[in-house]
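S.K.: Could you work out the structure for the sequence below:
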Amino acid sequence: MQRFVNDPDYIVDDMVKGFVKAHEDLIVKSDKNDRVVKYKNAPVEGKVGLVTGGGSGHEPAFLGYLGENMMDAVAVGEVFSSPSAQAFYDAFMEVDAGKGVACLFGNYAGDNMNVKMAIRKAKKKGVEVKMVTATDDISSSPKETKEKRHGIAGGVFMWKIGGARAALGGSLDEVIQSAQKAVDATRSICVGLEPCTIPAVGHSNFNIEDGKMEFGIGHHGEPGMQVQKLKPAKEIAAEMTKAVYEDLGLQDGDETAVIVSGLGAAPLMELYVLYDEVERYLKEKGIRIYQTLVGNYVTSLDMNGAALTVMRLDEELKELLDYEARCPGLTIKAK
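M.R.: Predicted coordinates for the structure are as follows:
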C-alpha cells in the first residue's frame, strides 16, 4: 500500500486537522469533542440545528457538507465506522438554538443505534432531536422493504433540501418533512470496478477479479446484486439508469436532479462518459434533468467505481434545491 499516511491508526485525526485548517473560513472544531466539527456560525439564532455524521473514508461526505445553509455540525467516525453516541450528542448540543435539532444521516446499524442513544440523552437536557435516514441504495434491500436500504450519495440531496428548509425558517417538523420528502424521491445504485484499501488494514478488504465488475456494490464493499463481466461504459450506464428509473417509477415528463459520483478512484473523465449515457437514457424516456452534479460527492476511499443518484422533483424540491448554499463539498449560487 502506497498512500499519503503518517500513522494509519491516526489518519482520521490527521485528516480532520487538515480539513479544519483548509476551510477555516467556514468551519471550526468543537471545543467539547475532537470528533465534532461545526459551522463557524453555529448555533444559528432562530434556526433549527442540522447534524449529520458517519464513518470517515467517504469524503467529501460528511465533513464537506458543513457550511452556510447546509449542515451545522458533523460527528466524525473512524474509517467506515459509526461516530460514537457521545459525538452525536455533543454535535446536537453545539448547534441547538432552541428550535430543536434535525439529524440527517445514512441508514446503517451502528449510526442508527448511536444516534438514538444520543437523542435520548439530549431529551434529558431538554433538547428535542428528530431524525431522518437516507435509504437511497436500491441494491441493499428489495423495494418491498425499502426502509431497510442504506444511504449512499442520495444523502447529498437530503442534506441540501433539509438545509434549505431550515435556512428558510422552517420548524423542526417542517425540516424533517422536507428531508424525508427528498429521501422518498431519491434512488441510487453503485458499480464497483476495483476494491478499496482501509489504511489501518493495508490491503483490499474485498476482491473484484480483473475483467469483472460488481453491480450494486455497497459503499463499504458490501456485496452487490451481481458480479458481471466488465462492459462498455454505455452498457454499464444504461443498466444503472434502468435500475434507478424502474425502482423510482419515473414517468414521461418527470423532472429530475442527477448525481454521478465517483467512489474515490474513478477519473472525472470517465464520470462524464457515464453521465453522457445516463442523460441519453433518461431523455429517450421523456425524463428532463433540471440539475446535474458530476464529481466526487460521496466516495469510498480509493474504490474504483461510480454511483448514480436520481431524485424526482416537484416545485417544492426545486425551490429548495436552488436555494443558495456554501460548503466545501457543494456550492449553489442564488439564481
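S.K.: Would you map the helices across the chain?
M.R.: Using DSSP state H, the helices of the chain run over residues 11-22, 85-95, 109-124, 155-167, 172-184, 233-248, 268-284, 315-322.
S.K.: Report the angle between the fourth one and helix 315-322.
M.R.: Using axes from the mean of the first three to the mean of the last three Cα atoms, to 10 degrees, the inter-axis angle of helix 155-167 relative to helix 315-322 is 90 degrees.
S.K.: quick check: mean pLDDT across helix 155-167?
M.R.: The average pLDDT within helix 155-167 is 98.
S.K.: At the geometric centre of this protein, which residue sits there?
M.R.: Using Cα atoms, centre = their mean, the residue of the chain that lies closest to the mean C-alpha position is Gly155, 3.4 Å off.
S.K.: how many neighbours does the closest residue to that one other than its chain neighbours have?
M.R.: Spatial nearest neighbour of Gly155, excluding adjacent residues (Cβ to Cβ, 6 or more residues apart in numbering): Ala134 at 4.3 Å. From N, CA and C alone the C-beta is placed, and that goes for glycine too. Other residues near Ala134 come to 29 when the count uses other Cβ atoms under 10 Å.
S.K.: could you list every residue that touches Asn296?
M.R.: Counting by Cβ atoms under 8 Å, 6 or more residues apart in numbering, Asn296 makes contact with 59-60, 261-262, 264.
S.K.: quick check, nearest of the residues you listed to Met117?
M.R.: The closest of these to Met117 turns out to be Glu59 (Cβ to Cβ; 25.5 Å).
S.K.: and that closest one, what does it touch?
M.R.: By Cβ under 8 Å, 6+ apart, the contact list for Glu59 reads 15, 296, 299.
S.K.: at 7 Å instead, please
M.R.: Going by Cβ atoms under 7 Å, 6 or more residues apart in numbering, Glu59 touches Thr299.
S.K.: And for Glu214?
M.R.: With Cβ under 7 Å, 6+ apart, Glu214 has these contacts: 191-192, 208, 224, 227.
S.K.: Check Leu250 too.
M.R.: The neighbours of Leu250, taking Cβ under 7 Å, 6+ apart as the test, are 285, 287, 312.
S.K.: Distance of it relative to Cys103?
M.R.: 29 Å (Cβ to Cβ, to the nearest Å).
S.K.: Look up phi and psi at Glu43.
M.R.: That one is not Glu; residue 43 is Pro. Dihedral angles of Pro43 (phi, psi; degrees, to the nearest 10) stand at phi -70, psi 140.
S.K.: burial measure for it, as a count.
M.R.: Using other Cβ under 10 Å, Pro43 has 20 other residues around it.
S.K.: what's near enough to touch it?
M.R.: Taking Cβ under 7 Å, 6+ apart, we find Pro43 in contact with 49, 72, 95-97.
S.K.: Repeat that for Glu147.
M.R.: By Cβ under 7 Å, 6+ apart, Glu147 lies in contact with Thr135.
S.K.: now do 10 Å
M.R.: Residues counted as contacts of Glu147 (Cβ atoms under 10 Å, 6 or more residues apart in numbering) are 107, 133, 135, 141.
S.K.: The first one contacts His150, correct?
M.R.: Yes - counting by Cβ atoms under 10 Å, a contact exists between Asn107 and His150, whose distance comes to 5.4 Å.
S.K.: Now do the shared contacts for these two.
M.R.: By Cβ under 10 Å, 6+ apart, Asn107 and His150 have these common neighbours: 133-137, 140-141.
S.K.: Go through these and give me the one with the most neighbours.
M.R.: Highest neighbour count within the shared contacts of Asn107 and His150, by other Cβ under 10 Å: Asp136, with 33 neighbours.
S.K.: Number of residues surrounding the closest residue to that one other than its chain neighbours?
M.R.: Closest residue in space to Asp136, ignoring its immediate chain neighbours: Gly154 at 2.9 Å, by Cβ to Cβ, 6+ apart. Applying other Cβ under 10 Å, we find 29 residues neighbouring Gly154.
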